[in-house]
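S.K.: Structure of the sequence below:
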Amino acid sequence: MRKILFALTLSALPAYACAAPVGTPAIITGIALPAPQQPEDARETLEAARAFYDFWNTGDRSLLRRAIAPGFVDHTPPPGRVAGPEGPALAAREFLKAIPDLQVTVTRMVLSGPYVTVHMHFDGHFTGSMGGHIGRGQTIHFIATDLLRVTRGRITDNWHLEDNLALQTEMGLIQHVP
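M.R.: Have a look, this model is predicted:
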């Protein structure tokens, strides 16, 4: 079962930073903060993010088409992955070939203006193949964090970090020496 926990973290900001009228950037010691979102913008942003991570759980490309804009850019693709809209589709296909029971669990989602920061866990079993390596059923668990930019309800940009050391060690692709 997919678990999605949404966390809007405003408590760390001083009260006056949260008091700016909607659409007005707040200023704290000379640093402009993103303006709070209109409720409609927040709903569209969350729907795009939800569709994106549902795509990762299912491989359903209609969810990906609904989530990302035609001009989508992956700003941190690994070597060999295209940075455009086809990148996530190719990556998901490779992951699901290697880990057919892959599940993405979103544990934190924080909205700030047109950006969504998402922390997630990837879990499954390496029963397929990846990069010429055949899985033996190894348990896979690694974390990742995305920063998504959403415009008009579609993801236009993604910056991401994954714990590739944990993934490759669990898959037996590399030996981790402490």
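
S.K.: residue closest to the middle of this structure?
M.R.: The centroid of the chain falls nearest to D146 when counting by C-alpha atoms, centre = their mean (3.9 Å).

S.K.: I'd say that residue and M120 touch.
M.R.: Yes - if you go by C-beta atoms under 8 Å, D146 and M120 touch, sitting 7.5 Å apart. Using the backbone N, CA and C atoms, a C-beta is placed for each residue, glycine as well.

S.K.: mean confidence for the longest strand that the chain contains?
M.R.: As far as residue count goes, and with DSSP state E defining each element, the longest strand of the chain is strand 138-151. Computed over strand 138-151, the mean pLDDT rounds to 97.

S.K.: packing partners for it?
M.R.: Here strand 138-151 touches helix 39-58, strand 115-126, strand 154-162, helix 164-170, going by 3 or more C-beta pairs under 8 Å, 6 or more residues apart in numbering; DSSP states H and E.

S.K.: could I get those as JSON lines with distance to L90 and mean pLDDT?
M.R.: JSON lines is the format used below for these (distance: least, C-beta to C-beta, whole Å; pLDDT from 0 to 100):
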{"stretch": "helix 39-58", "distance to L90": "13", "mean pLDDT": "88"}
{"stretch": "strand 115-126", "distance to L90": "17", "mean pLDDT": "96"}
{"stretch": "strand 154-162", "distance to L90": "14", "mean pLDDT": "96"}
{"stretch": "helix 164-170", "distance to L90": "17", "mean pLDDT": "93"}
